[in-house]
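>>> Would you be able to build a 3D model of this:
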Amino acid sequence: MSSFVLAIDQGTTSTRAIVFDHDGAIVSVGQLEHKQYFPKAGWVEHDPAEIWNNTREVIGSALSKASITRHDIAAVGITNQRETAVVWDRHTGEPVYNAIVWQDTRTQDIVDRIADGDPHRLADRVGLPLATYFSASKVTWILENVAGARERAEAGDLLFGTTDTWVLWNLTGGARGGEHATDVTNASRTMLMDLRMCEWDESIAAEFGIPISMLPRIRSSSDAFGVASDDSLLREVPITGILGDQQAATFGQAAFEIGEAKNTYGTGNFLIVNSGEEIVRSSNGLLSTVAYRLEGEPTKYALEGSIAVTGSLIQWLRDNLGIIERSSDVEELAASVDDNGGVYFVPAFSGLFAPHWRPDARGAILGLTRFATKAHIARAALEATAFQTRDVLDAAAADLGTTLAELKVDGGMVGNEQLMQFQADILGIPVVRPVVAETTALGAAYAAGLSVGYWADLDELRANWSEGSRWTPTMSDSERERRRGEWSKAIARSLDWVD
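Predicted structure coming up:
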């Protein structure tokens, strides 16, 4: 048997290739950031060609750093930023427009048109409220605004995919016969998949004006998607796992049972709670979504709390305000003051996602006095991540009728000790980080490895999980609720900014 599994993690800010061994330990990493385009207020785009070029380069880097070749790789898994939409020509492989990113809000008019006064009217079928967050309206915008796109799509010349599909199609040959497929987790984020059947809903696609011929085949998360093409460094290696990034992190955390959960701290924050084979309908602003599906087994579902802006707020402090040079500097700056100085930061740059779903909200910094400094703003930015997480955990508790005993965490921000301690304080429960915090890529590797027998079963994956760090609450109940009350007031003042 080959010695390793390789995961491609195509994220919002960068693309990585990570080599894992049988213990789930990282052997090597290749990583490249890609450019973020902001053509207008509320618009966020990526260059699909840059993403694919970076993917090829990081694969080579990861193999080189590990001193291995394709012969040492048993399988490849892919994980990705989920709702970001790419539309390209099936004959040439050329994108017809930049990828429209999940954070983009330009499609609100399309969403309002489809909603017809009821943003929840499709939720019974797709598990999602009508919102700019999801892929369908982005595809509609491209077909309605790019010259000739509608005609080419109706002629069968254009393909759509989230970035997993874009990477898979190119990795397996592109215009020379690349595989046009996705998995159930990514399909569940488009607003076009029937959640019960895990098949495209043709009537909903018609409402969005999207030809069915554009849509990829829907497969299980652990499945035979194809093999790498002859011109790839991974030539003939099977691609056998695909999971959207948040579901991949859940899989990497070995949260396979009902009630098990994780919270990922990345560009945004995403809580997923496994609900087993039952689709749980939220009454408190969460999403019903697919957790994963193994080949030949029933679909597993989840409740999700999606928060748009957390890690990207720290990038905003760096790039837009210039109050830190590196994202990692925020911890030291925030720690230079004893508390937030009464400052609260609601980062509603793309409106508010779960549990509020208010596209009219906009970012607000409140409680400013002459006493406030950039250190207080930095601390308030970190604390905003923890407060938003408390909001979605409270919603999950209300939906499920039970509270979590502890919260498993992962993602880029969990190395911030101050944030993790404040998170435990504001939740009132322990926060636990695993030894391998790169659970998103690990989950994709697990799905791929299961399909080819590299790992035998879920029990073997559970055995790989081990606790790395734990933070326990130190804040009093009264102080916790005082802070939460002030946060709620800040949220209320961020609303109704967009008419």
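
>>> List the contacts of Y292.
For Y292, the contacting residues are V184, T185, S221, S222, L243, Q247, T250, F251, T299, K300, A447, by Cβ atoms under 8 Å, 6 or more residues apart in numbering. C-beta coordinates here come from the backbone N, C-alpha and C atoms, glycine included.

>>> mean confidence for the helix or strand harbouring L243?
If you go by DSSP states H and E, L243 is part of strand 238-244. Mean pLDDT, computed over strand 238-244, is 97.

>>> Then stretch 159-174?
Average pLDDT, stretch 159-174: 98.

>>> Buried residues in it, which are they?
159-174 (16 or more other Cβ atoms under 10 Å).

>>> Equivalent analysis for stretch 184-200, please.
184-195, 198, 200.

>>> Check these against R16 and report the nearest one.
Proximity of the buried residues of stretch 184-200 to R16 (Cβ to Cβ) peaks at N186, which lies at 17.8 Å.

>>> Might you report the residue contacts of I204?
L122, R125, V126, A136, M191, L192.

>>> Could I get the buried residue list for the lengthiest helix in the chain?
If each helix of the chain is counted by residues according to DSSP state H, the longest one is helix 374-400. Neighbour-count burial for helix 374-400, counted by 16+ other Cβ under 10 Å, picks out 374-396, 398-400.

>>> Please apply the same query to stretch 250-265.
The neighbour-count check on stretch 250-265 (16+ other Cβ under 10 Å) flags 250-256, 258, 260-265 as buried.

>>> Take those and keep only those in strands.
A261, K262, N263, T264, Y265 (DSSP state E).

>>> if I pick the second one, what's in contact with it?
K262 makes contact with A249, T250, Q253, A255, L271, I272, L407, K408, V409, D410, T439, according to Cβ under 8 Å, 6+ apart.

>>> Quick check: the nearest residue to the last one once chain neighbours are set aside vs I314, distance?
Taking Cβ to Cβ, 6 or more residues apart in numbering, and ignoring the residues beside it in sequence, T439 has G252 as its nearest neighbour in space, at 3.2 Å. Plainly put, G252 is 23 Å away from I314 if you go by Cβ to Cβ, to the nearest Å.

>>> ok, now L404?
Applying Cβ to Cβ to L404 and I314 gives a distance of 25 Å.

>>> same thing with A205?
Counting by Cβ to Cβ, the gap from A205 to I314 is 37 Å.

>>> So which of those two has more stuff around it?
Comparing A205 with I314 by other Cβ atoms under 10 Å, the one with more neighbours is I314, at 28 against 20.

>>> ok but that one is inside a helix, no?
Yes. Assessed with DSSP: H, G, I helix; E, B strand; the rest coil, I314 lies in a helix.

>>> Could you check how far the strand holding L243 is from the centre of its chain?
Its chain's C-alpha centre and that of strand 238-244 lie 16 Å apart, by Cα atoms, centre = their mean, to the nearest Å.

>>> what do you get for stretch 155-175?
That offset, for stretch 155-175, works out to 20 Å (Cα atoms, centre = their mean).

>>> do stretch 69-82 as well
With Cα atoms, centre = their mean, you get 18 Å for stretch 69-82.

>>> what's the answer for stretch 464-478, then?
24 Å.

>>> Just say helix, strand or coil for R189.
coil.

>>> Without its sequence neighbours, what residue ends up closest to it?
Nearest one to R189, counting by Cβ to Cβ, 6+ apart, is R82 at 4.5 Å.

>>> so the one you found sits right up against T162, yeah?
Yes. Between R82 and T162 there is a contact at 5.9 Å, judged by Cβ atoms under 8 Å.

>>> joint contacts of the two?
By Cβ under 8 Å, 6+ apart, the residues touching both R82 and T162 are N186, R189, G244.

>>> So what touches the helix or strand hosting the first one?
Using DSSP H and E, the element containing N186 is helix 184-187. The list of residues contacting helix 184-187 from outside it, by Cβ under 8 Å, 6+ apart, reads 80, 82, 162, 164-165, 193, 198, 200, 216, 218-221, 242-244, 247-248, 289-293, 299.

>>> Just the ones of the residues you listed in strands?
N80, M193, W200, I218, R219, I242, L243, G244, T289, V290, A291, Y292.

>>> Relative to E277, which of the residues you listed is nearest.
Top of the list for closeness to E277, among the ones in strands among the contacts of helix 184-187 and by Cβ to Cβ, is A291 at 9.9 Å.

>>> Do I have it right that the closest one meets E304?
No. Using Cβ under 8 Å, A291 is not in contact with E304, being 9.0 Å away.

>>> Show me the common contact partners of the two, please.
I272.

>>> Quickly note the distance from V44 to R150.
V44 is 23 Å from R150, where distance means Cβ to Cβ.

>>> Could you check which of the two has the larger neighbour count?
Each of V44 and R150 has its neighbours counted (other Cβ under 10 Å); V44 has more, 23 against 17.

>>> which residues does that one contact?
Contacts of V44 were listed using Cβ under 8 Å, 6+ apart, and they are Q36, Y37, F38, I100, V101, Q103, D104.

>>> Turn those residues into TSV, columns for neighbour count.
As requested, those are exported to TSV (neighbours: other Cβ atoms under 10 Å):
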residue	neighbour count
Q36	16
Y37	13
F38	12
I100	25
V101	22
Q103	25
D104	24
